[in-house]
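Engineer: quick one: sequence and predicted model below, then my questions.
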Amino acid sequence: MAPFYGTPCPKVNGKAFVSPGREAGSFHVMCPIEEKELLLETDPGIFWQTPHYEGWPGLLVRFVPADPGRVADVIRRAWWDRAKKAQRAAFGPRP
């Protein structure tokens, strides 16, 4: 855990991949813009953004009614995207 904009959050290699966010009932996760657009389009009940996140590689995830398996995959991909090559090799292919 390390600070990220004043809030503790998990990091890999000094890079945040998930954080509490500032929107009630949601947390923030990093993801490529192409993937973000797909998540926003396919499941806007879980994945969403405020104007602050538009054009930025991250989005908000609602705690409820989130599908735990799908959200876990998004978090794993965020971790994998920031991991070192050796960490990726130990983990396996991108989830």
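Structural biologist: Good, I have the coordinates. As the structure is a computational prediction, the values presented were derived from the model and not from experiment.
Engineer: phi and psi next, for the spatially most central residue of the chain.
Structural biologist: Centroid-nearest residue in the chain, with CA atoms, centre = their mean: residue 29, separated by 2.0 Å. Dihedral pair for residue 29: phi -140, psi 140, per degrees, to the nearest 10.
Engineer: now it: how far from residue 71?
Structural biologist: Separation of residue 29 from residue 71 (CB to CB, to the nearest Å): 8 Å. Any C-beta I mention is one placed from the backbone N, CA and C, and that applies to glycine too.
Engineer: elements contacting the helix or strand bottoming out on mean pLDDT in the chain?
Structural biologist: Of all the helices and strands that make up the chain, strand 2-4 has the lowest average by mean pLDDT, DSSP states H and E, namely a mean of 83. When contacts are defined as 3 or more CB pairs under 8 Å, 6 or more residues apart in numbering; DSSP states H and E, strand 2-4 packs onto strand 7-9.
Engineer: which elements pack onto the strand it packs on?
Structural biologist: For strand 7-9, the contact count by 3+ CB pairs under 8 Å, 6+ apart identifies strand 2-4, strand 18-19 as packing neighbours.
Engineer: show me what the shortest one is packed up against.
Structural biologist: This points to strand 18-19. Contact analysis of strand 18-19 by 3+ CB pairs under 8 Å, 6+ apart lists strand 7-9, strand 26-30, helix 68-82 as its packing neighbours.
Engineer: please save the CA atoms from the second one in PDB.
Structural biologist: Written as PDB, here are the backbone C-alpha positions of strand 26-30 (Å, rounded to 0.1, in the frame of the first residue of the first chain):
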ATOM      1  CA  SER A  26     -17.400   3.100  -6.300                       C
ATOM      2  CA  PHE A  27     -13.700   2.600  -6.700                       C
ATOM      3  CA  HIS A  28     -11.300   3.400  -9.500                       C
ATOM      4  CA  VAL A  29      -9.300   1.000 -11.700                       C
ATOM      5  CA  MET A  30      -6.800   1.600 -14.400                       C
END
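Engineer: that older thread, hey, what's in contact with both of residue 29 and residue 71?
Structural biologist: Listed as contacting both residue 29 and residue 71 by CB atoms under 8 Å, 6 or more residues apart in numbering are residue 61.
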